[in-house]
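**Student:** predicted model and sequence follow; I will ask about them next.
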Amino acid sequence: MNYLEEYRKKLIDIGEAVSKIKSNDNIVVAMCASEPQGCMGQFHTVADRVENVRVFSCLTLKPYDFYMKPEMKGHFELASWFHAPGSRSAIKNGTGTVTFVPNMLHRSATDFIFARKPHIFFGTCTPPDRHGFVSLSLGITYEKDILEAADLVILEVNPRLPRTFGDTHLHISEVDFFVEHEQDVPELPSPQPSETDLLIGGHIGELVEDGSTIQLGIGGIPNAAALALKNKKELGVHTEMIVDSMMELYEMGVITNSQKAFHKGKFVGTFAMGSRKLYDWLDDNVAVEFQRGRWVNDPAVVARNSKMVSINTCLMVDLTGQVASESLGPVQYSGTGGQSDTAQGAVEGFDGKGKSIIACYSTAKNGAVSTIVPMLPEGTAVTLHRSFVDNVVTEFGIARLRGKTVRERARELISVAHPDFRAELTKQAQALGYL
């Protein structure tokens, strides 16, 4: 069969692709580095003929007109699984074009399908190979489940995307239309860790044993944690997000994946984002497998890993151990992501050796407020229930909370709060009956 001919028959331009959008459609777009930026940049051009179109996205990278402009209200709405700067700005400016979708990452696709029918899926892929398969490349967190359920599948073909392994391959017969759109793959710079980041990273390093399987994100604290792991041995990776620091630890011989309980010898993740160097490293790399988020982040699957260590960050923690990572009062800042998934899975590890680590700076607003608080502000979403909280790390040390009473937890958390706030926290803990 001539797959190239079949592929060419399905080629359309961006204008024709976005013309497929109809009123009341539920559209899902691929996330992060897989974002179909060519098509998304033109969604607004059909606003004059559509109403009530919802676009579901996670960590939307660009401030697209379809949700940033107030005149899009009633025509388009961005339904975000995890807010990014653009969606936060639109909410702050009162455009009325953005809403939030509460979710656990491993259930993002299945809960979506439970609630509604996906009409169109827009994603990205590599050019087809000689067998007629494209690679969904940098992520299948929810993408493959959604496209299998969607009425219409439209993929932007970008030859700069890496061809990856796992469950990323898709035959061209399963795609309705292709749009050729070559562009640089979106990158995410790795910030240099600050002195405070390095202190926190050092404490995290104390908790990670040789032979552990780790889940790690991106940012100053995770990067510092990665630096603190450079003298560890035989680490493995089972994570939602594959980032530059993991590649670097692999090249240093720290990550080998040789001691993993399953998928031995393999990185396992749901998506990747980082530098061009990371994407080149991922290209045709059989050591890395991308699997669906509903499997990778299922707490029961996470718990099957040996010495599983989940490393996440948060905005604040109350004195009983409730963790807030996504909102400040009722104002949604980011999203739950995979924090609850991996933290629960780690503490329920099959070998009894799993650990969950929640890291945060001891203060915010240039030292004006403590992130260890007596109670979470009214309206704040609890991202990780206190019953699942294990270790909380600040630059001042480790608060070990698993199995502890409220009184013990309050003492542990006050001990890692900034010294300027410990006396007041103690006073408030006493007033609340914690101490």
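**Tutor:** Yep, that arrived. These numbers come from a predicted model, not from an experiment.
**Student:** how about the strands of the stretch 301-435 of the chain, start to end?
**Tutor:** 308-313, 316-318, 323-324, 327-328, 331-332, 355-359, 363-364, 369-370, 372-373, 391-394, 397-400 (DSSP state E, counting those that start in this stretch).
**Student:** tell me which helix or strand comes right after the lowest-mean-pLDDT helix or strand in the chain.
**Tutor:** The weakest-scoring helix or strand in the chain, judged by mean pLDDT, DSSP states H and E, is helix 220-228 (a mean of 90). As assigned by DSSP states H and E, the chain's next helix or strand after helix 220-228 is strand 236-237.
**Student:** who are the packing partners of that following strand?
**Tutor:** Applying 3 or more CB pairs under 8 Å, 6 or more residues apart in numbering; DSSP states H and E, one finds that strand 236-237 contacts strand 213-215, strand 267-269. Yep, even glycine has a C-beta here, placed from its N, CA and C like the rest.
**Student:** most packed of the ones you listed?
**Tutor:** The highest mean neighbour count among the helices and strands packed on strand 236-237, using mean count of other CB atoms under 10 Å, belongs to strand 213-215: a mean of 29.
**Student:** residues in contact with that one?
**Tutor:** 208, 229, 235-240, 259-261, 302, 305-312, 338, 342, 346 (CB atoms under 8 Å, 6 or more residues apart in numbering).
**Student:** picking up where we left off before, just checking, what packs against the least confident helix or strand of the chain?
**Tutor:** helix 195-207, helix 244-251, strand 308-313.
**Student:** now these in JSON lines, with distance to residue 41 and mean pLDDT?
**Tutor:** Shown next, in JSON lines, are these (distance: least, CB to CB, whole Å; pLDDT from 0 to 100):
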{"stretch": "helix 195-207", "distance to residue 41": "35", "mean pLDDT": "96"}
{"stretch": "helix 244-251", "distance to residue 41": "27", "mean pLDDT": "95"}
{"stretch": "strand 308-313", "distance to residue 41": "31", "mean pLDDT": "96"}
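**Student:** please work out which of those is packed deepest.
**Tutor:** strand 308-313 (a mean of 27).
**Student:** ok, residues contacting that strand?
**Tutor:** 204, 207-208, 212-217, 219, 221-222, 225, 238, 302, 325, 339, 342-343, 345-346, 349, 353-360.
**Student:** quick one: buried ones out of those residues?
**Tutor:** When neighbours are counted using 16 or more other CB atoms under 10 Å, the contacts of strand 308-313 contain these buried positions: 204, 207-208, 212-217, 219, 221-222, 225, 238, 302, 325, 339, 342-343, 345-346, 349, 354-360.
**Student:** ok, residue 8 - how many residues close by?
**Tutor:** 10 (other CB atoms under 10 Å).
**Student:** now do the same contact list for it.
**Tutor:** With CB under 8 Å, 6+ apart, residue 8 has no contacts at all.
**Student:** let's see 10 Å
**Tutor:** 2, 178 (CB atoms under 10 Å, 6 or more residues apart in numbering).
**Student:** helix or strand for it, just tell me which one.
**Tutor:** helix 3-9.
**Student:** quick one: contacts for the residue most central in space within the chain?
**Tutor:** Nearest to the mean C-alpha position of the chain, counting by CA atoms, centre = their mean, stands residue 337 at 5.0 Å. The contact partners of residue 337, taken as CB under 10 Å, 6+ apart, are 58-59, 81-82, 103-105, 108, 141, 217, 240-241, 297, 312, 325-326, 383.
**Student:** in strands only, show me these.
**Tutor:** 241, 312 (DSSP state E).
**Student:** and the nearest residue to residue 215 once chain neighbours are set aside, what is it in contact with?
**Tutor:** The shortest distance from residue 215 to any residue other than its chain neighbours is 4.2 Å, reached at residue 239 (CB to CB, 6 or more residues apart in numbering). Taking CB under 10 Å, 6+ apart, we find residue 239 in contact with 213-217, 246, 267-272, 296-297, 302, 310-311, 338, 342.
**Student:** sorry, back to before: for the residue nearest to the centre of the chain, phi and psi?
**Tutor:** phi 60, psi -140 (degrees, to the nearest 10).
**Student:** gap between it and residue 38?
**Tutor:** 26 Å (CB to CB, to the nearest Å).
**Student:** just checking, residue 434 touches residue 412?
**Tutor:** No - assessed by CB atoms under 10 Å, residue 434 is found out of contact with residue 412, at 11.5 Å.
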